[in-house]
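Student: Model the structure of this input:
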Amino acid sequence: MKALITGATGFVGGALARRLQGLGWQVVGLGRNQEAGKQLAAAGITFFPGDLRDAATIAAACRGREIVFHCGARAAPWGRASDFYADNVVGTQNLLAGCREASVGRLVHVSTPSIYFDLRGPMAVRLNVAEDAPLPPRAANFYVHTKRLAEQLVDQAHQEGMPVITLRPRAIFGPGDTAILPRLLTRLRTGRMAVIGDGQTLTDLTYIENVVDALLCCAESPANTLGKKYNLSNDEPVLLWEMVRRLCATLNYPFPRRRLRFATAYLLAWGMEGIWARLPGSPEPPLTRYTVGVLAHSATLDVRAARRELNYTPRVSVEEGVARYLNTQRSAACPT
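Tutor: Numbering: from 1, shown residues only. Purely as a prediction, here's the structure:
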């Protein structure tokens, strides 16, 4: 099978590229990170340097591909609206055009379940959310807004005849993660974290290899799955702050002593965003309203559709996944 993976120099795309290569697929990985591209090439994966904003480059990358996995996106709690729009909306437009021109047999689009949740109000806390649940009237941030727009583009492409499937994986973690666990552990190690909310936040996580399994399920799923969207998680909600407590005990880090009510933390983050937005380069503030919402509000998904229709079964538990991540960190810190 001949596959193109966008975002192949990123966390999800890179893990998928290596898995497919090991299965004997002919893989082309598209990305902007030249150093990560060299590592892909060393693993026998064809690296195609390119930017999703460049329509001609994307069209060339799509030629001759039987399936495309769209893992590339700008995913961050902070940044300029124009950058999110260019990468997530224009980039998806360009990819859809390239797939159409090349008559690609199937597109698997990686979206986000963050579109279900608001920062505050009645849609801030949502449990066991299904794919057809109503969306909040306002997106939580620029990232979420542009991913909603990208989904609309994919939906339109399907209505026009393109074979597509959309996945919405929740909070992906594991070896290679540069966002969730690294950010969390850095804050714990430096003592710059507080318990936000009532300490009873229930959340979903998804181990990286389970996400790759689901992407493979999408590649092989029956025709009646085309045009549909599927939630994805480990399907084992965890109490966030209890998990943090176990991490602290394992790593001998102090558990956060400070506690902040949601309203207090939200107001503090709002003020930081206003100040940091005016600094040269608009760096990410220490706390954003989006992060406050994630830490304080319970949010879980209903993944029965993925289990039933894609034959998805999470193989690696959250506990085992965290252990694997910590082992890779110890190995990196103490090379033999």
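Student: show me where the stretch 151-300 of the chain has strands.
Tutor: With DSSP state E, counting those that start in this stretch as the criterion, the stretch 151-300 of the chain has strands at 164-169, 172-173, 195-196, 202-203, 206-207, 229-232, 238-239, 259-260, 299-301.
Student: so of those, which one's packed in deepest?
Tutor: Ranked by mean neighbour count, the strands of the stretch 151-300 of the chain are led by strand 206-207 with a mean of 28 (mean count of other CB atoms under 10 Å). To be clear about C-beta, it is placed using only N, CA and C from the backbone, and glycine gets the same treatment.
Student: how about JSON lines for the strands of the stretch 151-300 of the chain, with distance to Pro77 and mean pLDDT added?
Tutor: JSON lines is the format used below for the strands of the stretch 151-300 of the chain (distance: least, CB to CB, whole Å; pLDDT from 0 to 100):
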{"stretch": "strand 164-169", "distance to Pro77": "17", "mean pLDDT": "98"}
{"stretch": "strand 172-173", "distance to Pro77": "15", "mean pLDDT": "98"}
{"stretch": "strand 195-196", "distance to Pro77": "14", "mean pLDDT": "96"}
{"stretch": "strand 202-203", "distance to Pro77": "15", "mean pLDDT": "97"}
{"stretch": "strand 206-207", "distance to Pro77": "18", "mean pLDDT": "98"}
{"stretch": "strand 229-232", "distance to Pro77": "20", "mean pLDDT": "98"}
{"stretch": "strand 238-239", "distance to Pro77": "21", "mean pLDDT": "98"}
{"stretch": "strand 259-260", "distance to Pro77": "17", "mean pLDDT": "96"}
{"stretch": "strand 299-301", "distance to Pro77": "15", "mean pLDDT": "97"}
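Student: now for the ones you listed, which one comes closest to Leu127?
Tutor: strand 299-301 (5.0 Å; CB to CB).
Student: Name the residues that touch the following helix or strand past the closest one?
Tutor: Of the helices and strands lying after strand 299-301 in sequence (DSSP states H and E), the nearest is helix 304-309. With contact meaning CB atoms under 8 Å, 6 or more residues apart in numbering, helix 304-309 is reached by 130-131, 167, 214, 217, 221, 224-225, 228, 230-232, 235, 312-313.
Student: Give me the buried subset of these.
Tutor: Using 16 or more other CB atoms under 10 Å as the burial test, those include 131, 167, 214, 217, 221, 225, 228, 230-232, 235, 312 as buried.
Student: just the residues you listed now: which is nearest Thr201?
Tutor: Asp235 (17.7 Å).
Student: pLDDT wise, what is the closest one at?
Tutor: pLDDT, Asp235: 98.
Student: which residues touch the closest residue to it other than its chain neighbours?
Tutor: Distances taken as CB to CB, 6 or more residues apart in numbering place Val303 nearest to Asp235, at 5.0 Å, with adjacent residues excluded. For Val303, the contact set (CB under 8 Å, 6+ apart) comprises 230-233, 235, 312.
Student: now, among the residues you listed, which is nearest to Gly293?
Tutor: Within the contacts of Val303, distances to Gly293 taken as CB to CB reach their minimum at Ser233, with 17.7 Å.
Student: right, and that closest one touches Arg170 too?
Tutor: Yes: using CB atoms under 8 Å, Ser233 and Arg170 qualify as a contacting pair, with a distance of 4.5 Å.
Student: Mutual contacts of those two, please.
Tutor: Residues touching both Ser233 and Arg170 by CB under 8 Å, 6+ apart: 204-206, 301.
Student: what would the buried ones among the contacts of helix 304-309 look like in a markdown table with distance to Lys147?
Tutor: Shown next, in a markdown table, are the buried ones among the contacts of helix 304-309 (distance: CB to CB, whole Å):
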| residue | distance to Lys147 |
| --- | --- |
| Glu131 | 15 |
| Leu167 | 12 |
| Ala214 | 17 |
| Cys217 | 21 |
| Ser221 | 22 |
| Thr225 | 20 |
| Lys228 | 17 |
| Tyr230 | 15 |
| Asn231 | 14 |
| Leu232 | 14 |
| Asp235 | 22 |
| Tyr312 | 21 |
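Student: Which of the contacts of helix 304-309 sits closest to Leu4?
Tutor: Ranked by distance to Leu4 (CB to CB), the contacts of helix 304-309 are led by Leu167 at 16.5 Å.
Student: what's the closest of the strands of the stretch 151-300 of the chain to Arg187?
Tutor: strand 195-196 (11.6 Å).
Student: Show me what that closest one is packed up against.
Tutor: Judged by 3 or more CB pairs under 8 Å, 6 or more residues apart in numbering; DSSP states H and E, strand 195-196 is in contact with strand 259-260, helix 289-296.
Student: give me the element Pro95 is part of.
Tutor: Careful, residue 95 is Leu; it's not Pro. Using DSSP H and E, Leu95 falls within helix 91-102.
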